[in-house]
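Enquirer: Next one to model:
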Amino acid sequence: MSGKQLLLTFLFIILVGIIKVWSQESENIIRNSEFDDGKRCWVIKDYNNANATIDVSSEGLLSGTNCLVVNITCGGQNKDDIQLYQSCSLEKGYYYHLSLIAMASVPHQISAVFQQAAGAKEIIWTSPEMALSPTPQRLGPFPLRYLLEDATYRFVIFLGGLDNVTVHLDSIVVAKTDDPEHFRTDEKFEKRAHTFQGTTLPYRLCPPDGFNPAEKYPLVLALHGAGERGTDNEIQIKLHRLAFAWSDSANQKKWPCFVVAPQCPEDQRWVDHDWSTGSYSVDQTPISNELATVNNLLDSLIQEFPLDTNRFYVTGLSMGGYGTWDLIARFPHRFAAAIPMSGGGDSTAVSRFSHLPLWVFHGEKDTVVPVAGSRDMVAALERLGLAVVYTHCKYGDCEGLADSVIAQKIKDGAKLLYTEWPGKDHVMWAESYDYPYLLPWVFSQSRDPNFSVQVATPAPTKLPIELYPNYPNPFNPTTQIKYRLDVSASVKLDIFNARGQWIQSLVNQTQPAGSFTVAWDGRQANGVPVASGVFIYKLQIRRQHQHFETTRKMLLMR
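Expert: Next up is the predicted model:
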């Protein structure tokens, strides 16, 4: 081997090492970059009578143990007549850099593209022409700055246009790195936590784009559904458009605002009620610890940031739809508008917030939360004399209104709108939050400044019963439940799981006034083993056509 050949070999080894180090510092979105575990992630396609096969071989070693060999017998007329590809995902706000090591048995031109995986298969990026020779060479890196929405693409290498050529490929790297000039939506949300009366909720807070502490800003409170419960402080903003609809830069440019998205713990609810049953009684259902903490969180944010308290908005989906209805029933003058989706509330309490602008959304075919949950609330408001704009379906008639009519209704100051999506099931939230009239309508609403934000929860009527905390709590396997009756009445004491499903009845009889203690053995209920978790015990009495009830929580811990 000559001195020149030794030098070239030495430089080539250094190049390979540099590529390996560089690729380790970035995330490679292409699989089998070294081809050491086979070719299964790559597909070869030929068109227009072209013909090629692929194999993994150690012949013509480039780097690592193996390389990918493409044997082209007929290359067709164009480079895209032979395509080598695999699927990959591109995320908005990242740079992608293509590099590879390649050689060909004779001089040959190839190129690479990112192509849509479906539909028209539009090409969104093309590499420069890459000239191959019988000597291995490093090609790239070639950059792509990706600013479209997250999507799945094909990464394709075009190899056609020449007959009887063998191409060796190795160390194909599409490295994903941060675009320092792009601020992704989830990064706008600061991770925080808030504690109130022993309950701690993680939450995410997004400040307005171009935040100026000398200005006052609206706030949007976003309450997630049951599927986003937990403690990761991530899923409640990422799974649906609930939070991102308001923090999106295009919308922030028009309507800068704070967005706050708390996360409810596992096995808890914004409202201590079984949402599959539709409506419930606000007066007979104490505010949940979680929703009380959310309300107190708003108070703390008022102290910390320059907020326009006349422009607080609340929205929620599914379990969060229930939370939205519940909040405005308990704190009717806290918000300037509410947008409950796929939820339900207490239709007997609508007079408390009949002054409040509302846009209600539900799916016509919802099998998770009955559509009656929203219909009943809207109908109750309508019975108070409020005019309702039914944008799509109205009690099964889904002919709907023309866009121009909806736009005019909003322009004329519509305060109560109901959108029931025809044929849609429970999840119809993306199209709801992206409905073009929604955000302009929301941000045009303002609370009457004559109403004080600091509205205390109405003092409940003194109940003729009292239910005490169980002891011990947590417990395993038995606990004592105590209660007091001020009057003789028909009494029921029932156990429910955290989802509101009935587990067992402990008392179902008429009892005199006095104090009582009942034991519950959590090992089994009605002959069925009971799993550990959170349970609700509910005390109800009936007397002279009056009904009273109260609930508490307990934790069975194995």
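Enquirer: Quickly list what residue 137 is bridged to.
Expert: residue 102 (DSSP bridges).
Enquirer: List the contacts of it.
Expert: 101-103 (C-beta atoms under 8 Å, 6 or more residues apart in numbering). The C-beta positions use only the backbone N, C-alpha and C, and glycine is treated the same way.
Enquirer: burial count for the residue lying closest to residue 239 once chain neighbours are set aside?
Expert: Once flanking residues are discounted, residue 239 sits nearest to residue 228: 5.5 Å by C-beta to C-beta, 6 or more residues apart in numbering. The local packing of residue 228 (other C-beta atoms under 10 Å) involves 23 other residues.
Enquirer: circling back to that earlier point, report the buried members of the contacts of residue 137.
Expert: Among the contacts of residue 137, the ones that count as buried by 16 or more other C-beta atoms under 10 Å are 101-103.
Enquirer: export the contacts of residue 137 to TSV and tack on pLDDT?
Expert: Below are the contacts of residue 137 laid out as TSV (pLDDT from 0 to 100):
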residue	pLDDT
101	93
102	94
103	94
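Enquirer: which one of those sits closest to residue 542?
Expert: residue 101 (81.3 Å; C-beta to C-beta).
Enquirer: ok, back up a step: which of the contacts of residue 137 sits closest to residue 509?
Expert: residue 101 (82.8 Å).
Enquirer: For the closest one, which residues are in contact?
Expert: 16, 19, 62-63, 136-139, 169-171.
Enquirer: Just the ones in strands from the residues you listed, please.
Expert: 137-139, 169-171 (DSSP state E).
Enquirer: Now the buried members of those residues.
Expert: Buried, going by 16+ other C-beta under 10 Å: 138-139, 169-171, out of those.
Enquirer: Tabulate those residues (TSV), appending distance to residue 488 and pLDDT.
Expert: As requested, those are exported to TSV (distance: C-beta to C-beta, whole Å; pLDDT from 0 to 100):
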residue	distance to residue 488	pLDDT
138	90	93
139	90	94
169	87	92
170	87	90
171	85	88
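Enquirer: Would you check which pair of the residues you listed lies furthest apart?
Expert: 138 and 169 (12.0 Å).
Enquirer: any common contacting residues for those two?
Expert: 100-101.
Enquirer: Who are the contact partners of the residue most central in space within the chain?
Expert: Computing the C-alpha centroid of the chain and ranking residues by C-alpha atoms, centre = their mean puts residue 239 first, at 1.9 Å. By C-beta under 8 Å, 6+ apart, residue 239 lies in contact with 224, 227-228.
Enquirer: Adding distance to residue 244 and pLDDT, write these out as a markdown table.
Expert: Formatted as a markdown table, the contacts of residue 239 follow (distance: C-beta to C-beta, whole Å; pLDDT from 0 to 100):
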| residue | distance to residue 244 | pLDDT |
| --- | --- | --- |
| 224 | 12 | 96 |
| 227 | 16 | 89 |
| 228 | 13 | 92 |
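Enquirer: Pick the one among those residues closest to residue 486.
Expert: Distances from residue 486 to those, taken by C-beta to C-beta, are shortest for residue 224, at 39.9 Å.
Enquirer: Spell out which residues sit in contact with the closest one, please.
Expert: By C-beta under 8 Å, 6+ apart, residue 224 lies in contact with 235-236, 239-240, 242, 261, 263-264, 316-317, 319-320.
Enquirer: which regions of this protein lie under the pLDDT threshold?
Expert: 1-26, 33, 36-40, 59-61, 180-186, 274-279, 450-463, 499, 544-545 (pLDDT under 70).
Enquirer: on that earlier part again, could you dump the buried ones among the ones in strands among the contacts of residue 101 to a markdown table with distance to residue 533?
Expert: Written out in a markdown table, the entries for those read as follows (distance: C-beta to C-beta, whole Å):
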| residue | distance to residue 533 |
| --- | --- |
| 138 | 57 |
| 139 | 57 |
| 169 | 54 |
| 170 | 53 |
| 171 | 51 |
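Enquirer: Let's see the ChimeraX selection covering just the buried ones among the contacts of residue 224.
Expert: The buried subset of the contacts of residue 224, as determined by 16+ other C-beta under 10 Å, is captured in ChimeraX by this line:
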select :236,240,242,261,263,264,316,317,319,320
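Enquirer: List the neighbours of stretch 187-204 that are in contact with it.
Expert: Contacts of stretch 187-204 (C-beta under 8 Å, 6+ apart): 205-207, 209, 231-233, 236-237, 243, 247, 259-265, 289-290, 292-294, 296-297, 300.
Enquirer: Give the ChimeraX command for selecting the buried subset of those.
Expert: ChimeraX command restricting the contacts of stretch 187-204 to the buried ones, with burial defined by 16+ other C-beta under 10 Å:
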select :205,206,207,209,233,236,237,243,247,259,260,261,262,263,264,265,289,290,292,293,294,296,297
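Enquirer: The stretch 401-550 of the chain: strands as residue ranges?
Expert: With DSSP state E, counting those that start in this stretch, the ranges of strands along the stretch 401-550 of the chain come out as 416-421, 465-467, 478-485, 489-497, 502-511, 514-521, 524-525, 528-529, 533-543, 546-556.
Enquirer: Identify whichever of the ones you listed lies nearest to residue 88.
Expert: Closest among the strands of the stretch 401-550 of the chain, using C-beta to C-beta: strand 416-421, at 33.5 Å.
Enquirer: okay, the closest one in PDB with CA atoms only?
Expert: Only the C-alpha atoms of strand 416-421 are listed here, as PDB (Å, rounded to 0.1, in the frame of the first residue of the first chain):
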ATOM      1  CA  LEU A 416     -75.700  31.100  24.600                       C
ATOM      2  CA  LEU A 417     -74.600  28.700  21.800                       C
ATOM      3  CA  TYR A 418     -74.900  25.000  21.500                       C
ATOM      4  CA  THR A 419     -72.900  22.900  19.000                       C
ATOM      5  CA  GLU A 420     -73.900  19.300  18.800                       C
ATOM      6  CA  TRP A 421     -71.700  17.600  16.200                       C
END
